[in-house]
Every structure is written in C-alpha cells, then in structure tokens.
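> fold the following.
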Amino acid sequence: QVQLVESGGGLVQPGGSLRLSCTTSGFAFSRYAMSWHRQAPGKERELLVAITSAGRSTNYVDSIKGRFTISRDNAKNTAYLQMNSLKPEDTAVYYCNARFVTSIKDYDYWGQGTQVTVSS
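Predicted coordinates for the structure are as follows:
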C-alpha cells in the first residue's frame, strides 16, 4: 500500500522556520521524483519545488527562492522541505508528491497535506 505522510507543519511567527517531512512507503522511493506543493485558501494548488531521483532540484516559484530548500534521504524513503524566513503569505496546506513516469504509465502519489500557518 502506497503511503505518503507529511509532518512538521504548524503555527510559526513571521521570520521563523519549519522543516516539513514526507515519509513514504509502498513504492520504490529512490526511483521517484519528489515535489512539494501548497494550496492556500481560495487558491489553486501550486507546485513549489521538485527534486529528481538523482537529487537535482528545481524551484518553480520566485517567492520562495532562497528561502525554501527541498532534499531527500533515499535510505529513509523521506523527502524534506526546509522553509526559512517564513511570511504570512506562505500560509497554506503543504502537500508532497511522488512521480515516476514510464512510456506505459505515470505513477503519481499524493500525501494528505500538512497545515502551515505563519502568523504573529
């Protein structure tokens, strides 16, 4: 059974930091690209940052550059999102995604999300 479980969210003051974890099981984690997304109230879910199976990361949102970093530990089947200098506009539910694309089928898995609230 495939599982992705996000953790590490919570309430943090502006300027603070959080590290989100995405602990996975049930699939070959090391072969999958991992990504983090977020969805703020009333907005569509947006892709933030991704990391390939080889560990190469790509940032998709200018507002998080220099503040958010994705990483992975294949030995622990876990992906991380380090978030620094948090701002109120970072408030959202954060989701991790695992994806593996073949010529026959796309494998695409999501976690349930973790709430991040940035407020004083």
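
> dump stretch 80-90 to CSV, restricted to CA.
Only the C-alpha atoms of stretch 80-90 are listed here, as CSV (Å, rounded to 0.1, in the frame of the first residue of the first chain):
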residue,chain,number,x,y,z
TYR,A,80,12.0,17.3,3.2
LEU,A,81,11.2,20.9,2.7
GLN,A,82,13.2,23.3,4.7
MET,A,83,11.4,26.6,5.0
ASN,A,84,13.2,29.7,6.3
SER,A,85,12.2,33.3,6.7
LEU,A,86,8.5,32.4,6.6
LYS,A,87,6.0,35.0,5.6
PRO,A,88,2.2,35.2,6.3
GLU,A,89,1.7,34.6,2.6
ASP,A,90,3.3,31.2,3.0
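
> what does that stretch contact?
Contacts with stretch 80-90, where a contact means CB atoms under 8 Å, 6 or more residues apart in numbering, come from 12, 14-22, 36, 38, 40, 48-49, 63-64, 67-73, 94, 96, 116, 118-119. In this view, the C-beta of every residue, glycine as well, is placed from N, C-alpha and C.

> now a PyMOL select for only the buried ones of these.
Under the burial definition 16 or more other CB atoms under 10 Å, those of the contacts of stretch 80-90 that qualify are selected in PyMOL by:
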select buried, resi 12+18+20+21+22+36+38+48+49+64+68+69+70+72+94+96+116+118
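
> sketch out the strands for this protein, chain order is fine.
Here the chain has its strands, by DSSP state E, at 3-7, 10-12, 18-25, 33-39, 46-51, 57-59, 68-73, 78-83, 92-101, 106-110, 114-118.

> CSV please, covering the ones you listed and showing mean pLDDT.
Listed next are the strands of the chain as CSV, based on pLDDT from 0 to 100:
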stretch, mean pLDDT
strand 3-7, 97
strand 10-12, 98
strand 18-25, 98
strand 33-39, 98
strand 46-51, 97
strand 57-59, 91
strand 68-73, 97
strand 78-83, 98
strand 92-101, 97
strand 106-110, 96
strand 114-118, 98
